[in-house]
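Student: Model the following, please.
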Amino acid sequence: MAHLLGAESLHLEYPTRTVFDSVTLGIAEGDRIGVVGRNGDGKSTLLQLLAGRVEPDDGRVTRRRGVTVGMLDQRDELPSTVTVGHSIVGDRDEHLWAGDPRVRDVLAGLVSDIRWDATIAELSGGQRRRVALAALLVHDHDIVFLDEPTNHLDLEGVAWLAQHLKSRWAATSGALVVVTHDRWFLDEVSTTTWEVHDGIVEPFEGGYAAYVLQRVERDRMSSVAETKRQNLMRKELAWLRRGAPARTSKPKFRMDAAATLIADEPPIRDSVELTTLATARLGKDVVDLIDVSVSYPPKTVLRDVEWRIAPGERTGILGVNGAGKSTLLGLVAGTVRADSGTVKRGKTVRIATLTQQLSELDEVQDQRVSAVVAGKRTTYLAGGKEVTPGQLLERLGFSNAQLATPVKDLSGGQKRRLQLLLILLDEPNVLILDEPTNDLDTDMLAAMEDLLDSWPGTLLVVSHDRYLLERVTDQQYAILDGRLRHLPGGVDEYLRLRRAQEANGSERAEASTASMPSTASMPSPGPALTGAALRAAEKELSALDRRLGKVSDQVAAKHEELARHDQSDYVGLGRLTEELRALEGEVADLETRWLELSEQLEA
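Tutor: Below you'll find the predicted structure:
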């Protein structure tokens, strides 16, 4: 593959720390690179260096002659007085951009709901972000740098963007470098992963899943090597600490070697560990919504919703922006009143909500982190043991220096961690997470998911992070046309229903008919089956159940095989990954057929 861009011996430091030290990288045609790492380690800075937005203190970035680069920053800098249309297509004649299939695809995928003549000042932050992304993608660049492109995109927008990027270039042309915390998106678009940490950039073959497997193997090997090194260090320390008379006769080369070994002790990377905290006992009754409707005239947001939440239930809620997800969670939490219907809560229910606004920290902005936690209680029960506030914060990734930092001076990710901790310290038994992935890096997301795996209460999640939803919830519901619908097929079924909804809406608009009824978006179950057709469908459904069980077991076995395989054998890993994708594709097809038969049998 032809070389597009190279970085040689990049060095960049700020007054308080070194960001990169002698980093050398290359980007070639066909590269699809995902960049991961902890918040503050330099992911965005790396993109800015490669794109020429920031100059290194030492080293250089070179491009092949004629190579064009486009970049989406985390902060959008669109002029507030310019219209949406001009921001995206500029002064180009309409017949030029309207006749370009790529431009039409970008406009339909990102800004179809935004007025073409609206000014940037009139838009919300999410709309501005989509306009900036569209303005980048309508142009033809050899290398595209994307810094958190999925921010403010819903599930459908993320799915569209992944498909667009996969089909934007031929397999051996163009290059993509993307920083994102959306792990599903990373797996969809990237074939190489760069991990930024400790002033270096470490490459891994494959997307996010392959990176995790290789990182686990790397850490295991490092642990073995570190254990051997620690054993050697203990022997050398014991040798050096012998009495002064004996030390004078020791050979100098041996003393120098021991001193070098001790001085070479590497700094410990911040640990990110969450421990299960105590949870209030939850009875049999949680929250029941029975025939509940909520309206904000002139619109009915929720219509005749029935939802009986069970103890220990782990549910994800899907829906477009404005569909009523926050209203539904407000009914559960008691912050929204129903216009009609009944809301029943169990006597032992204690509900807590992790919001997007960080409101829990408003009153403690000037307090030190350790004082905030200590102000609630002097000791806490975590994992069956009593721990101090300082120990709890250290397990959450806070260093000793950060414990004395005022809350207002914390980074976004640190504030998010503290917010989650303060909520869990109140020992709720029903936890509502409203877009919990904001400002969290992939390591912290994995740690939070590990906590939620062992959290015994009821969990309700609203998130555009598909990986998180599928990881921590057992079932999903969607709000479609004001009604709550169960999704046996998960996120894939939701996306299919939304495509059908949009197709029906387009057909009705073209026919100039009246507005679409609330059930129009849902695919018709077809005519009821009778006689031989009914028996055949029931027999096929039973066979599908058995086949799904077998293939699901094969998928689990293939995951284990991948984990055990030699992580340096990229050919073997690629073969196993393809086999896994084939099995997962078969599962998806079987589930689709299962849903079709189920709908026919229920008709």
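
Student: Could you tell me the average pLDDT over the helix or strand containing residue 553, please?
Tutor: Using DSSP states H and E, residue 553 maps to helix 531-564. Helix 531-564 shows a mean pLDDT of 74 in the predicted model.

Student: Check which helices and strands that helix sits against.
Tutor: When contacts are defined as 3 or more C-beta pairs under 8 Å, 6 or more residues apart in numbering; DSSP states H and E, helix 531-564 sits against helix 208-240, helix 570-602. The C-beta positions use only the backbone N, C-alpha and C, and glycine is treated the same way.

Student: elements contacting the last one?
Tutor: Read it as helix 570-602. Applying 3+ C-beta pairs under 8 Å, 6+ apart, we find helix 570-602 packed against helix 208-240, helix 490-510, helix 531-564.

Student: cutoff 10 Å now
Tutor: When contacts are defined as 3 or more C-beta pairs under 10 Å, 6 or more residues apart in numbering; DSSP states H and E, helix 570-602 sits against strand 200-205, helix 208-240, helix 490-510, helix 531-564.

Student: List the buried residues of stretch 168-180.
Tutor: Buried residues in stretch 168-180, counted by 16 or more other C-beta atoms under 10 Å: 168, 169, 174, 175, 176, 177, 178, 179, 180.

Student: can you pull the contacts of residue 362?
Tutor: residue 407 (C-beta atoms under 10 Å, 6 or more residues apart in numbering).

Student: Please apply the same query to residue 350.
Tutor: 279, 280, 281, 282, 426, 427, 428, 429, 430, 431, 457.

Student: Redo these as a markdown table? Include pLDDT and distance to residue 66.
Tutor: Listed next are these as a markdown table, based on pLDDT from 0 to 100; distance: C-beta to C-beta, whole Å:
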| residue | pLDDT | distance to residue 66 |
| --- | --- | --- |
| 279 | 68 | 61 |
| 280 | 67 | 64 |
| 281 | 71 | 68 |
| 282 | 75 | 64 |
| 426 | 82 | 59 |
| 427 | 82 | 62 |
| 428 | 88 | 58 |
| 429 | 88 | 61 |
| 430 | 91 | 58 |
| 431 | 91 | 54 |
| 457 | 85 | 58 |
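
Student: Which of these ranks first by neighbour count?
Tutor: Tallying neighbours with other C-beta atoms under 10 Å puts residue 430 at the head of the contacts of residue 350, with 26 neighbours.

Student: That one and residue 310 touch, don't they?
Tutor: No: with contact defined as C-beta atoms under 10 Å, residue 430 does not count as touching residue 310 (11.1 Å).

Student: Run through the strands of the stretch 251-400 of the chain in chain order.
Tutor: 287-296, 299-309, 314-318, 340-345, 351-354, 380-382, 385-387 (DSSP state E, counting those that start in this stretch).

Student: and the ones you listed as TSV, adding mean neighbour count, distance to residue 127 and mean pLDDT?
Tutor: Shown next, in TSV, are the strands of the stretch 251-400 of the chain (neighbours: other C-beta atoms under 10 Å; distance: least, C-beta to C-beta, whole Å; pLDDT from 0 to 100):
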stretch	mean neighbour count	distance to residue 127	mean pLDDT
strand 287-296	17	20	93
strand 299-309	17	19	92
strand 314-318	24	21	94
strand 340-345	14	33	92
strand 351-354	20	25	88
strand 380-382	18	42	68
strand 385-387	13	45	76
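
Student: mind checking which of the ones you listed is nearest residue 480?
Tutor: strand 314-318 (9.0 Å; C-beta to C-beta).

Student: Please compute how far that closest one lies from its chain's middle.
Tutor: 15 Å (C-alpha atoms, centre = their mean, to the nearest Å).

Student: That one vs strand 299-309, what angle?
Tutor: 170 degrees (axes from the mean of the first three to the mean of the last three C-alpha atoms, to 10 degrees).

Student: which helices and strands sit right next to strand 314-318?
Tutor: Going by 3+ C-beta pairs under 10 Å, 6+ apart, strand 314-318 lies up against strand 299-309, helix 325-333, strand 430-434, strand 458-462, helix 466-472, strand 475-480, strand 483-487, helix 490-510.

Student: which non-adjacent residue is nearest residue 495?
Tutor: Leaving aside its chain neighbours, residue 495 sits nearest to residue 159 (5.9 Å; criterion: C-beta to C-beta, 6 or more residues apart in numbering).

Student: In three-state terms, label the one you found for me.
Tutor: helix (DSSP: H, G, I helix; E, B strand; the rest coil).

Student: cool, the one 4 residues further on as well?
Tutor: At residue 163 the chain is in helix, as set by three-state DSSP.

Student: Now intersect the buried residues of stretch 168-180 with the strands, please.
Tutor: 175, 176, 177, 178, 179 (DSSP state E).

Student: From these, pick the one nearest residue 63.
Tutor: For those, the nearest to residue 63 is residue 175 (11.2 Å; C-beta to C-beta).

Student: Any idea what that closest one is bridged to?
Tutor: residue 143 (DSSP bridges).

Student: relative to helix 570-602, how tilted is the helix holding residue 553?
Tutor: Using the same axes, to 10 degrees: helix 531-564 against helix 570-602 is 160 degrees.
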